[in-house]
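Novice: got a predicted model here, sequence first, then my questions.
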Amino acid sequence: MPAQRAEIELTARFTPEEFARIERGHVPEQMEDKWFVWMGDDLVLHAHRSWSGTCVFEVQFARGDETCDVVGAWANADPEQSTIPAELHRPMLEGLLEALAAA
């Protein structure tokens with residue numbers, strides 16, 4: 001993630017089962033797959049555009065006894081790397097997390 005990043009106001013809570021699916025991430029298998037997503041040991045999820053490799057989103061999680069919560073989220077705000085409008089950051093990230101949690 002570049003130094004130019006925008007914080008995303010996001011509150012989300014996942015069950016241990018959902019978080020296990022999020023933690024697996026996503027490796028693109030077809031040209032149509034837009035995301036490469038991986039989780040670091042520090043519980044930070046990294047979402048990259050599969051074609052360019054550009055990191056678009058980072059999400060910090062905190063693991064609790066019964067849930068796993070989003071405690072921070074950021075979008076790439078470098079205009080040379082990402083052209084996603086700021087008003088789409090949150091809905092795109094929410095959709096990505098929901099898809100990962102359901103996979």
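Specialist: The structure has been received and is ready for your questions. Numbers count the residues shown, from 1 in each chain.

Novice: any stretches of this protein with poor pLDDT?
Specialist: Applying pLDDT under 70 to the chain flags no residue at all.

Novice: tell me where it has helices.
Specialist: Secondary structure of the chain by DSSP state H: the helices cover 16-24, 86-102.

Novice: would you turn these into TSV with distance to residue 39?
Specialist: The C-beta positions use only the backbone N, C-alpha and C, and glycine is treated the same way. Output for these, formatted as TSV (distance: least, CB to CB, whole Å):
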stretch	distance to residue 39
helix 16-24	5
helix 86-102	10
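
Novice: closest to residue 8 out of the ones you listed?
Specialist: Set against residue 8 and scored by CB to CB, those come closest in helix 86-102, at 5.1 Å.

Novice: what's the closest one packed up against?
Specialist: The contact analysis (3 or more CB pairs under 8 Å, 6 or more residues apart in numbering; DSSP states H and E) places helix 86-102 against helix 16-24, strand 35-39, strand 55-63, strand 68-76.

Novice: the residue of the chain most remote from its centre and residue 37: what is the separation?
Specialist: Most distant from the centre of the chain: residue 65, at 22.1 Å, with distances by CA atoms, centre = their mean. To residue 37, residue 65 is 25 Å away according to CB to CB, to the nearest Å.

Novice: ok, now which ones touch the nearest residue to residue 90 once chain neighbours are set aside?
Specialist: The shortest distance from residue 90 to any non-neighbouring residue, by CB to CB, 6 or more residues apart in numbering, is to residue 8 (5.3 Å). Residue 8 makes contact with 57, 73-75, 89-90, 93 under the criterion CB atoms under 8 Å, 6 or more residues apart in numbering.
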